[in-house]
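Participant: Okay, here's the prediction I keep looking at, along with the sequence it came from:
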Amino acid sequence: MAQGRLSERFEAYSTWRAALATRIAAYRDWLDDNELNDAQTALRIATLLSRLNQDKLSVAFVAEFSRGKSELINAIFFADYGQRLLPSSAGRTTMCPTELLYDPAKPPGIELLPIETRERHASTSEFKEYPEEWVAINFIPGNAESMRAAFRHVVATRNASVEEARRLGMFDDSDPDNSLTVREDGTVEIPCWRHAIINFPHPLLRQGLVILDTPGLNAIGSEPELTLNLLPNAHAILFILAADTGVTKSDIEVWRRHIGGGRHQGRLVVLNKIDGLWDQMRTDAEINAEIARQAATTSGLLDVKADQVFPISAQKGLLAKINHDDALLEKSRLPELERALSEELIPAKQDIVRDGCRGELENLMRAAHSILDARRKNLHDQQLELNELRGKNRDVVGSMIAHIRNEKAAFERGLKQFQAARSVYSQ
C-alpha cells in the first residue's frame, strides 16, 4: 500500500520525526545521568516529545459540490484498497465537514455530530470534549460491505421546515438561490450531521496524516470552526474546480474569502474532470491546448501562479491505479499533483518541525551550559583554594615536626636525669 511518491515522502518524514524524538529522549537521559535535569527542563522536554508524537500533517480539500473532492481523496490516498473509500457520485455527496484520521485509542468507526447541536452555540472543538454528544458507528476495516454501510451515514440528509433550517444556519433569506430549494410542502433538505470524524487505520493516517473534506461555501460560511481553526491551520489546501464548468462565481467567493487571502504557500488549485474535454473528434494537441487555456484562465481569475494550477482527472486516475493502467494514469495527470504535494508539502512541514525543535533545544542546551559553566567555575575555585592550602599545610607541618623534635629532646634529657636520680635513690 501507499507506493506513490507522496506516500514515500510522508513515510520518510515520519521516520525522520521518530529518529528526532529518539535523539531528544537520549539527550534527556544524558541530562539525568549528569544531574543536569530539573523539573522545568523535564517538563519542556516532555512537552516537546509529546508534540512530536502527536504531530499531524493536515491537508484540506475545499470546493463547491460536484467538483470531485471525494473522488480526488480516494485517488490520491486510498486507491490501494481497490475501491472508493469515501462515497462519490453525481450531485452533492459530502454534506458536512469530514475529518479522516487515526486514533489508536478508539476503534475504527465514524463519529457523527448531530446538526441540531448548532442551536447550542458551541464549536465542534468544544463538543469533541463530550463523546456522549456524538453518534458512533463502527465498521470493519477491509470489509467492503461494512465500510460502505458505515460511510453512507455521512451523506445522510433529512427534511426540515424553513424556520428550523434558518435556526440551524442552513437557510439564508438573503440568498435568492435558497428559495429554489424549498419544496412544495415548505420543507428543505438539510444534512443530518454537523461534523464527521472517520477513524481509519490507513498507513498514512497512522503516521499522522489528517484529511479534511469540506462541503462547499454554504457549510464553510455557516461553520465558524472551519474558517477560524481548521482551514487556517491546514498545512496544505487543495481547491478543486471542475474543468467542464470553469471558475464560477461561488468558486471565486470561496477562494477569496476563505482560502487565498494573499497567502498562496501550500495552496494548490486543482482543475478536475479534464476527461470531460477528451474528445475523439479532436487531436491530442487540440485537447491539450484546450486544457492549457482552461488552466491559464483559472490562474488569472484566482490570481495564482500558473504552476499552482493542476489539471487532472481524479476519476480516471483512481481507475488507472485500481487497474494498474500506467498509460491512463499518466493521461489523468494525477502524478503531477502528487509530485507537487510531495515536493512542497512534506519538506515545508519538516522545516517547520525542525525549526521549532531547534529553537527549543537551543534554549535547553544554553541552560545546561550555564549549569556546567557554574560547576566548572566552582571546581576551579576549589582547586585554587586547595593549591593555596597545600603551601600553608607544609609550613604548619614543618613547625609541628620541629616542635615535636624539641619536645622529644627535652623528654630524652629528662629521662636521663630521672634514670640518674633513680640510680642514686636505689643506692
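Facilitator: It's in.

Participant: Please name every helix or strand in contact with the longest helix along the chain.
Facilitator: Longest helix in the chain, counting residues (DSSP state H): helix 346-426. Of the remaining helices and strands, those touching helix 346-426 by 3 or more Cβ pairs under 8 Å, 6 or more residues apart in numbering; DSSP states H and E are helix 5-33, helix 39-53. (Each C-beta comes from the backbone N, C-alpha and C, glycine too.)

Participant: now the helices: where do they sit in the stretch 101-250 of the chain?
Facilitator: Using DSSP state H, counting those that start in this stretch, the helices of the stretch 101-250 of the chain run over residues 124-127, 144-152, 162-167, 203-206, 217-222, 224-225, 249-254.

Participant: Redo the ones you listed as CSV? Include distance to residue 408, mean pLDDT and mean neighbour count.
Facilitator: Below are the helices of the stretch 101-250 of the chain laid out as CSV (distance: least, Cβ to Cβ, whole Å; pLDDT from 0 to 100; neighbours: other Cβ atoms under 10 Å):
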stretch, distance to residue 408, mean pLDDT, mean neighbour count
helix 124-127, 91, 86, 16
helix 144-152, 103, 82, 15
helix 162-167, 111, 85, 16
helix 203-206, 87, 82, 18
helix 217-222, 104, 57, 18
helix 224-225, 96, 62, 14
helix 249-254, 107, 81, 16
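
Participant: I'd like to know which of those helices is closest to residue 322.
Facilitator: Judged by Cβ to Cβ, the one of the helices of the stretch 101-250 of the chain that comes nearest to residue 322 is helix 144-152, at 13.0 Å.

Participant: C-alpha coordinates for that closest one, PDB please?
Facilitator: Extracted in PDB, the C-alpha atoms of helix 144-152 (Å, rounded to 0.1, in the frame of the first residue of the first chain):
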ATOM      1  CA  ALA A 144     -16.200  -3.600   1.800                       C
ATOM      2  CA  GLU A 145     -19.800  -4.000   2.800                       C
ATOM      3  CA  SER A 146     -19.200  -2.900   6.400                       C
ATOM      4  CA  MET A 147     -17.300   0.200   5.200                       C
ATOM      5  CA  ARG A 148     -19.900   1.100   2.500                       C
ATOM      6  CA  ALA A 149     -22.800   0.800   5.000                       C
ATOM      7  CA  ALA A 150     -21.000   3.000   7.600                       C
ATOM      8  CA  PHE A 151     -20.000   5.700   5.100                       C
ATOM      9  CA  ARG A 152     -23.500   6.000   3.800                       C
END
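
Participant: Return the list of helices and strands in contact with it.
Facilitator: Using 3+ Cβ pairs under 8 Å, 6+ apart, helix 144-152 sits against strand 109-114.

Participant: Quick one: mean pLDDT over the strand it packs on.
Facilitator: Here strand 109-114 scores 93 as its mean pLDDT.

Participant: buried set for it?
Facilitator: 109, 110, 111, 112, 113 (16 or more other Cβ atoms under 10 Å).
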